[in-house]
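Novice: I would like to see how this sequence folds:
(chains A and B)
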Amino acid sequence: MDDDAGALPLKEDFSAWYNEILWRAEIMDVRYPVKGLYVWYPYGFAIRKFVYQRLRDLLDRDHQETLFPLLIPEQEFMKEAEHIKGFEDEVYWVTHGGTTPLDVKLALRPTSETAIYPMYALWVRSHADLPMKYYQIVNTFRYETKQTRPLIRLREITSFKEAHTVHATWEEASEQVEEAIRLYREFYNGLCIPTLVSKRPDWDKFPGADYTIAVDAIMPNGKTLQIGTVHHLADHFSRTFNITYEDKNGEQKFGQQTCYGISERSIAALISIHGDDKGLILPPSVATLQVVIVPITIGKRHEDVMTAARKLHTELTAAGFRVKLDSRDMRPGAKYYWWELRGVPLRLELGPRDLDAGKVMAVNRIGRKTSIDLSTVTEDVSRLLSEITDALRTRAEDHTRSHLCCAPSLDVLKVKLDEGKVGVVQWCQEKRCADRIEEHTNASILGTDVRSQYVPETEGICIGCGNPGKPTLVGRAY
RNA sequence: GGGGUAGUAGGGUAGCCUGGUCCAUCCUAGAGCGUUUGGGACGCUUUGACGGCGGUUCGAAUCCGCCCUACCCCA
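Specialist: This next block holds a predicted model:
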C-alpha cells in the first residue's frame, strides 16, 4: 500500500470516523463560527429531505402539518412551572428590537408547547374537534452547556419534527402514545435502524409530562442515542393554557394531550449505524442517489459506451429510480471510491466488454458483484436494491442484539458497560437503587417497560437491593 | 459542572520560547494545459494562510489582554 491517504479513520475509532465522514461525505460543514451550529451541505441536506419525507408520509396518514412561530412571549413560556424548570437554563432570549429594549422578552422556542397551546385553547371548542393531531417540522434552539456534537447535541436543532395532539380522555391520549410508538418503529424500520423502546424513569421524563416513552438506538461504540420521544402530557398543559372542550353533556372539560418528536439525531443514527470503513452506506429508501452508472470508456469505443450508458440512465430514471450517470473525466476507480464514500447503494459499471455481452456489472455497496442482463435491468436493479435493504437491516439487528447483555449484578453490569455493551438488568424502580446503579457503573438508567424483540420480559430481583424488579435498560448515553 | 490541548491556504504540518528580507513545506485541495483511462493516473504551470478584536513596537504568525471556535479527558 503506497496510497492509503484517502482512507477514513477506521470505524472502530468511532468519534474520529464520525467527525471525518460528516465533511468527507459532504453531510455537514462544522466550520460555521458559532458554537453548536452547523451547515448542511447539499448532499447531506438531500438525505435529510428523503428521511423527513418518509416521516411526513407516515404522519400525513392521520395528522395535519402546520407551522407555529419561532418566538414565544415570556409570559406564555413561563406559565407551566415544571416545564420552565426543565428548560430555563437552555433558553435563548430575544431582548431587543434593534436598539430598543423589548417590554416583553421573546424566547427562541426550545420546544413548541408554549407556542402552540395558547392557540389550541382557541381552536378546541367541542368534543367534535377532537382528536386534534397536528405536527410541524421546525428548528428549535437550546443553549446546550455540554459539549456540542454535529447532529447529536446542537444549539440549533434544524429539523425537529414535533406532533401535538389533544384528546377527550386520558385513555385516548394513552392510546395515541402507543400509536406514535408504532409510527416511529415503522419509520426506523424503513431506515433499517433497530430501536429499543422503553419508559423513561420519572426523573428523566419530559418536564410537564405524566410519562415519557423513549426510542433509543445503539451506536457503533455501544453508546445509546435517544432518537425519539413520546410524551403523555395528561391535562398538565391544558389546565395551564385552558384548553377545554364541551362534551356531549354540555360540560367543559380539559383536553388530554400528547406530544412526540424526532430530530436530526435520526440522521446521526442512520449514518453511524450503516456506515463502514469506506464511508456512508445509505439504505435505498433514503439514498440521495440509489444507483450510479460508471461508464468504462476506452479509446474508440467511448461514444458507444456513452450512448449505451445514457440509454441505461434514461431507462432507470423512467422506472422511478434515483440515478446518476457519472460522466466526469476521472478514472473509473476514482469514481468507485467517490461514490462508496457517499454511500450510494448500487453501482452499475458499463464498459465495452459488458456491452458486447449485453450485460452490465452491478456492484452493491456491501461488496457483492453480479452481472445482470441489460434486457432485464429494471427488475434486477429493483431486486438488488431490496437485497441491500434486507442486508443492512439484518446487519444492524445483529449489532444491536450482540450489544445487549443481561447483567445479574452491579459488577457484571459495569464490566459489560465498559466493554461497550448496553445492560439489561432487574431494577425495583426505587430512586435509591437507581442512584446506586448509576454511580457504580457511570451509566444511566434508560428505562423500564422495555418493548423490544431483543430483550426478554423476565422477572427477577433488583440488582441494587434484592427486592422484586423489572427488566431495565442501562447504558452510556450521548 | 471540572480540567487539558489546540486554531497558520481546501486539508495536514513547521516556524512561536529568542519579534526582523511580504512568510516555509506536504497532499488526496483549487485553477489551467497536455498525455491518459476495467479499482484512487502522470507531467508541467499556477492560486492561496497566520481564528477575531485590541495593545506593545520602527516592525507581530511570534510578546500581552480579551473574545470566539474546535477536540480530548474526568464528574
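Novice: got the buried residues for the lowest-mean-pLDDT helix or strand in chain A?
Specialist: The weakest-scoring helix or strand in chain A, judged by mean pLDDT, DSSP states H and E, is helix A:81-87 (a mean of 87). Across helix A:81-87, burial judged by 16 or more other C-beta atoms under 10 Å covers A:83, A:86-87. (Glycine included, C-beta is placed from N, CA and C.)
Novice: likewise stretch A:170-185?
Specialist: For stretch A:170-185, a neighbour-count test (16+ other C-beta under 10 Å) marks A:173-174, A:176-177, A:179-181, A:183-185 as buried.
Novice: which residues are contacting it?
Specialist: A:58-59, A:131, A:133, A:163, A:165, A:167, A:195, A:197, A:213, A:215, A:228, A:230-235, A:256-258, A:260, A:262, A:451 (C-beta atoms under 8 Å, 6 or more residues apart in numbering).
Novice: and RNA strand B, which of the buried residues of helix A:81-87 reach it?
Specialist: Among the buried residues of helix A:81-87, no residue sits close to RNA strand B (C-beta under 7 Å from any atom of the strand).
Novice: Using JSON lines, lay out those residues together with distance to residue A:25.
Specialist: Formatted as JSON lines, the buried residues of helix A:81-87 follow (distance: C-beta to C-beta, whole Å):
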{"residue": "A:83", "distance to residue A:25": "38"}
{"residue": "A:86", "distance to residue A:25": "35"}
{"residue": "A:87", "distance to residue A:25": "34"}
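Novice: Adding secondary structure and distance to RNA strand B, write the buried residues of stretch A:170-185 out as TSV.
Specialist: Formatted as TSV, the buried residues of stretch A:170-185 follow (DSSP: H, G, I helix; E, B strand; the rest coil; distance: C-beta to the nearest atom of the strand, whole Å):
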residue	secondary structure	distance to RNA strand B
A:173	helix	34
A:174	helix	34
A:176	helix	34
A:177	helix	31
A:179	helix	35
A:180	helix	30
A:181	helix	29
A:183	helix	32
A:184	helix	28
A:185	helix	30
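Novice: could I get the residues you listed as a markdown table with pLDDT and distance to residue A:107?
Specialist: Listed next are these as a markdown table, based on pLDDT from 0 to 100; distance: C-beta to C-beta, whole Å:
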| residue | pLDDT | distance to residue A:107 |
| --- | --- | --- |
| A:173 | 98 | 26 |
| A:174 | 98 | 30 |
| A:176 | 98 | 27 |
| A:177 | 98 | 27 |
| A:179 | 98 | 30 |
| A:180 | 98 | 26 |
| A:181 | 98 | 30 |
| A:183 | 98 | 29 |
| A:184 | 98 | 27 |
| A:185 | 97 | 33 |
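Novice: Report the two of these separated the most.
Specialist: A:173 and A:185 (19.1 Å; C-beta to C-beta).
Novice: In chain A, which residue sits furthest out from the middle?
Specialist: When each C-alpha in chain A is compared with the mean C-alpha position (C-alpha atoms, centre = their mean), residue A:300 comes out farthest, at 48.6 Å.
Novice: State whether it is indeed within a helix.
Specialist: Yes: counting by DSSP: H, G, I helix; E, B strand; the rest coil, residue A:300 is located in a helix.
Novice: Local confidence estimate at it?
Specialist: If you check residue A:300, the pLDDT there is 72.
Novice: Residue A:4 too?
Specialist: For residue A:4, the model assigns a pLDDT of 38.
Novice: And the one 3 residues further on, by the same measure?
Specialist: Note for residue A:7: predicted pLDDT of 71.
Novice: next one: residue A:403
Specialist: For residue A:403, the pLDDT comes out at 95.
Novice: Of the contacts of stretch A:170-185, which belong to helices?
Specialist: A:58-59 (DSSP state H).
Novice: Let me know the next secondary structure element after the top helix by length along chain A.
Specialist: Counting by DSSP H, the longest helix found in chain A is helix A:377-402. Using DSSP states H and E, the helix or strand that follows helix A:377-402 in sequence is strand A:404-406.
Novice: helices or strands up against that next one?
Specialist: strand A:422-427 (3 or more C-beta pairs under 8 Å, 6 or more residues apart in numbering; DSSP states H and E).
Novice: what sits up against the helix or strand following the strand it packs on?
Specialist: Using DSSP H and E, the helix or strand that follows strand A:422-427 in sequence is helix A:431-441. Helix A:431-441 is contacted from outside by A:201-203, A:410, A:413-414, A:417, A:423, A:425, A:427, A:443-445, A:462-465, A:474, using C-beta under 8 Å, 6+ apart.
Novice: Show me which positions of helix A:431-441 end up buried.
Specialist: For helix A:431-441, the neighbour count (16+ other C-beta under 10 Å) marks A:433-434, A:436-437, A:441 as buried.
Novice: Relative to residue A:156, how far out is whichever residue of the stretch 201-350 of chain A sits closest to RNA strand B?
Specialist: Taking C-beta to the nearest atom of the strand as the measure, the point where the stretch 201-350 of chain A comes nearest RNA strand B is residue A:333, at 2.2 Å. According to C-beta to C-beta, to the nearest Å, residue A:333 and residue A:156 sit 39 Å apart.
Novice: what does residue A:352 give?
Specialist: Distance from residue A:352 to residue A:156, counting by C-beta to C-beta: 51 Å.
Novice: In strands, which of the contacts of stretch A:170-185 fall?
Specialist: A:133, A:163, A:165, A:167, A:197, A:213, A:215, A:228, A:230-234, A:256-258, A:260, A:262, A:451 (DSSP state E).
Novice: ok, residue A:131 - contacts?
Specialist: A:165-168, A:172, A:176.
Novice: can you list the weak-confidence ranges in chain A?
Specialist: Across chain A, the ranges flagged by pLDDT under 70 are A:1-6.
Novice: tell me the domain boundaries of it?
Specialist: Listed by automatic domain parsing, the domain ranges of chain A are A:14-274, A:289-386, A:404-475.
Novice: so does the last one get close to RNA strand B?
Specialist: Okay, so that is domain A:404-475. Yes: judged by C-beta under 7 Å from any atom of the strand, domain A:404-475 comes into contact with RNA strand B through residue A:442.
Novice: Can you tell me which of the buried residues of helix A:431-441 is nearest RNA strand B?
Specialist: For the buried residues of helix A:431-441, the closest approach to RNA strand B (C-beta to the nearest atom of the strand) belongs to residue A:441, at 10.7 Å.
Novice: So for that closest one, what's the nearest residue that isn't a sequence neighbour?
Specialist: Counting by C-beta to C-beta, 6 or more residues apart in numbering, residue A:441 lies nearest to residue A:414, which is 4.6 Å off, once chain neighbours are set aside.
Novice: all helices for the stretch 51-200 of chain A, in order.
Specialist: In the stretch 51-200 of chain A, the helices defined using DSSP state H, counting those that start in this stretch lie at A:74-77, A:81-87, A:113-123, A:170-190.
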